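Enquirer: Compute the structure for the input listed below.
(2 chains)
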Amino acid sequence: GAGVSQTPSNKVTEKGKYVELRCDPISGHTALYWYRQSLGQGPEFLIYFQGTGAADDSGLPNDRFFAVRPEGSVSTLKIQRTERGDSAVYLCASSLGGRKTDTQYFGPGTRLTVL
Amino acid sequence: GENVEQHPSTLSVQEGDSAVIKCTYSDSASNYFPWYKQELGKRPQLIIDIRSNVGEKKDQRIAVTLNKTAKHFSLHITETQPEDSAVYFCAASIWGNTPLVFGKGTRLSVIA
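Expert: Next up, the predicted model:
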């Protein structure tokens, strides 16, 4: 079946602008995660959804970052007043949820460049 | 919170040789340890994982070992092939759908 998909694959924006990054999880997966990967580093956790609610948002770096998952499927990561330090690859992952399995399947990522 | 250390950061081996990557974790509550392979510009892909109720797991040329007492786990790749060249990440979490904490990665180069 289809894997996790993310759009856009690349996003270039100017400092101070607002961006939205979209994640489509694997069908039937109730758990959804956002990670951020800087060059040469491992993915770092941002936020985790179980269904529609954010179960853990402790990884969001500040209040410029926000994510939603209104219908328990597609999720959008929103970044306000972007800064050059926000440049990274933003990865989304999904898993079955409900303690059935912890296997997280990753999307291809969105490469965000803030000029 | 959890902290995962990974070594080495780079590793070069001759084709056919074995490669070993080691990770340590800090939180004794962690009980799930996956390994991901990431090729340049691609998504991380799970290659093997282990839960803390077993000490070793093998899948063809890939094996993972876990020492809960010492809080470390290792990835072993035997008979390496050029297509094994990639960045490998270890991670740790508490079973039951919690966020993964990743190591910084190991760039493996297999020289033909």
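Enquirer: Report the beta-bridge partner residues of whatever residue of chain B ends up closest to chain A.
Expert: Nearest to chain A, among the residues of chain B, is B:Phe102, at 3.2 Å (CB to the nearest CB). Yep, even glycine has a C-beta here, placed from its N, CA and C like the rest. Beta-bridge pairing for B:Phe102 (DSSP bridges): B:Ala91.
Enquirer: Can you tell me the closest non-neighbouring residue to the most centrally placed residue in chain A?
Expert: Centroid-nearest residue in chain A: A:Trp34, 3.2 Å away (criterion: CA atoms, centre = their mean). Using CB to CB, 6 or more residues apart in numbering or on different chains and skipping the chain neighbours, the partner closest in space to A:Trp34 is A:Leu46 (4.2 Å).
Enquirer: got the contact list for the one you found?
Expert: Going by CB atoms under 8 Å, 6 or more residues apart in numbering or on different chains, A:Leu46 touches A:33-36, A:57, A:59-61, A:65, A:67, A:77, A:90.
Enquirer: residue contacts, the residue nearest to the centre of chain A?
Expert: A:23, A:45-48, A:67, A:75, A:77, A:90-92.
Enquirer: Low-confidence bits of the chain, can you list those?
Expert: Defaulting to chain A. By pLDDT under 70, the weakly predicted segments of chain A are A:1, A:98-101.
Enquirer: um, chain B though
Expert: B:96-97.
Enquirer: Any figure for the gap between the closest residue to A:Ser5 other than its chain neighbours and A:Ala54?
Expert: In space, and not counting its chain neighbours, A:Ser5 is closest to A:Asp24: 4.5 Å by CB to CB, 6+ apart. Distance, A:Asp24 to A:Ala54, by CB to CB, to the nearest Å: 18 Å.
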